[in-house]
Every structure is written in structure tokens, then in C-alpha cells.
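[1] following is a predicted model, sequence given first.
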Amino acid sequence: MAAKQPPPLMKKHSQTDLVSRLKTRKILGVGGEDDDGEVHRSKISQVLGNEIKFAVREPLGLRVWQFVSAVLFSGIAIMALAFPDQLYDAVFDGAQVTSKTPIRLYGGALLSISLIMWNALYTAEKVIIRWTLLTEACYFSVQFLVVTATLAETGLASQGILLLLASRLLFVAISVYYYYQVGRKPKKV
């Protein structure tokens, strides 16, 4: 008895058949738009997602502002820790310091905030950037209120105090601006 020979292998041309390829992609669920309007080229990119949508679109000048803030906080902190008399004299024009301890504590707190600012400069996480900007805005707002209350209490209105108040308002505005810009939903590309 002769063994029956299998039929010769026929090569299927489904890969070149456009309709067959489109049907296969439709079954896999790739190639079409998803709910977000993204077109996935493969099942892997669909499952893993597109890393572009997780990237933070930074507003122009954000990193410069973070750097300036970190330098500002560090400089004032070091000045408050090392030279409390001179810092107080620069702000309150010749008023006598009764105790150096509160100014040095202020310097320690500023140094702690500046460390956070330096670390936020190197992160890409939107939440951390927003929290540091909110921290800055709150700090500058509280400082503005405290200096204004001290000004009303003592009645000492010097050019240094007025410059400090104006700069604090400007810094609050810049920090709040970047806070909202970083938090905005990105536009669809």
C-alpha cells in the first residue's frame, strides 16, 4: 500500500491581501482611533500606552523661575543664618534687633524650603512641580501679610520695606501663574 502523499504546501498570501490585513487589525483592536483619539499601531503600544501624553508640557520660563527661586531662597537663608543683623537692617532700615534667634530660625526654615526648590528643579513630575510652586506662593503671601502687619504696627515705612512688599506681590503672581500653567490639561495634538 502506497502512502498517500500530503498535498503541496500552498503559501497563503493574506499578508499582501489588504482586506485581510485590515480585518486582522480590526479583530486585534489596533489601527483605529480609541476614546482619546489616539491611533495605535500595535497591540503593545495600545496596552502600554503612549508616553507622550504623560510628559509634562512645561510653560516657557518655568525652569528659569525654579532656578531663580532656589537661588533666592538659598541666598536669603544663608544670610539669615550667618548675618541676621545685616538682613534685619536691610529690610527695616536701622531698627535694632532685639534677638537673633527668630531670624536664624527663619533662615533655617528658608534653607529647608530651598532644598525642596533645588530638588524640584530636577524633577519632571507635574505634581511635585505644582506643590513647590504652591509652597512658594503661600510663603510669599504669608510674608507679604506679616510685613504689612509689622508696617502697620510700627509705622516704619522705608524704601526697603516697600520694595520687599512689591517684590513679594510679583513673586506670588509669577508662582500662581506657573502653578496654573503646569496644571492645565494639554491640548490634543
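    Perfect, thanks for sending it.
[2] quick check: Y88 vs I103, distance?
    As judged by CB to CB, to the nearest Å, Y88 and I103 stand 6 Å apart. (Each C-beta comes from the backbone N, C-alpha and C, glycine too.)
[3] which neighbours do the two share?
    Residues touching both Y88 and I103 (CB atoms under 8 Å, 6 or more residues apart in numbering) are V97.
[4] could you report the pLDDT at the residue nearest the centre of the chain?
    In the chain, the centroid-proximal residue (CA atoms, centre = their mean) is I129; its distance is 2.4 Å. As predicted, I129 sits at a pLDDT of 93.
[5] okay, and it sits in which element?
    Using DSSP states H and E, the element containing I129 is helix 126-154.
[6] could you say what helices and strands the helix or strand following that helix packs with?
    Counting by DSSP H and E, the next helix or strand C-terminal to helix 126-154 is helix 159-183. Here helix 159-183 touches helix 62-82, helix 84-92, helix 126-154, going by 3 or more CB pairs under 8 Å, 6 or more residues apart in numbering; DSSP states H and E.
[7] turn the ones you listed into JSON lines, including distance to V172.
    Below are those laid out as JSON lines (distance: least, CB to CB, whole Å):
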{"stretch": "helix 62-82", "distance to V172": "12"}
{"stretch": "helix 84-92", "distance to V172": "18"}
{"stretch": "helix 126-154", "distance to V172": "5"}
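[8] of all those helices, which one is nearest I113?
    helix 62-82 (5.5 Å; CB to CB).
[9] quick one: the closest one to chain centroid distance?
    17 Å (CA atoms, centre = their mean, to the nearest Å).
[10] who touches that helix?
    For helix 62-82, with CB under 8 Å, 6+ apart as the criterion, the contacting residues are 86-87, 103-104, 106-108, 110-111, 113-114, 117-118, 120-121, 129, 132, 136, 171, 174-175, 178, 181-182.
[11] give me the buried stretch members for that helix, please.
    Residues of helix 62-82 classed as buried under the neighbour-count rule (16 or more other CB atoms under 10 Å) are 62, 65-66, 69-70, 72-74, 76-77, 79-81.
[12] may I have it as PDB, with CA atoms only?
    Output of helix 62-82 as PDB, limited to C-alpha atoms (Å, rounded to 0.1, in the frame of the first residue of the first chain):
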ATOM      1  CA  LEU A  62       9.400  77.600  34.300                       C
ATOM      2  CA  ARG A  63      12.800  76.100  34.900                       C
ATOM      3  CA  VAL A  64      14.400  79.600  34.900                       C
ATOM      4  CA  TRP A  65      11.800  80.600  37.600                       C
ATOM      5  CA  GLN A  66      12.500  77.500  39.600                       C
ATOM      6  CA  PHE A  67      16.300  78.200  39.500                       C
ATOM      7  CA  VAL A  68      15.800  81.900  40.500                       C
ATOM      8  CA  SER A  69      13.600  80.800  43.300                       C
ATOM      9  CA  ALA A  70      16.000  78.200  44.600                       C
ATOM     10  CA  VAL A  71      18.900  80.700  44.500                       C
ATOM     11  CA  LEU A  72      16.800  83.400  46.200                       C
ATOM     12  CA  PHE A  73      15.600  81.100  49.000                       C
ATOM     13  CA  SER A  74      19.200  79.800  49.500                       C
ATOM     14  CA  GLY A  75      20.800  83.200  49.500                       C
ATOM     15  CA  ILE A  76      18.400  84.700  52.000                       C
ATOM     16  CA  ALA A  77      18.600  81.600  54.200                       C
ATOM     17  CA  ILE A  78      22.400  81.800  54.300                       C
ATOM     18  CA  MET A  79      22.200  85.500  55.000                       C
ATOM     19  CA  ALA A  80      19.700  85.000  57.800                       C
ATOM     20  CA  LEU A  81      21.800  82.200  59.400                       C
ATOM     21  CA  ALA A  82      25.200  83.900  59.100                       C
END
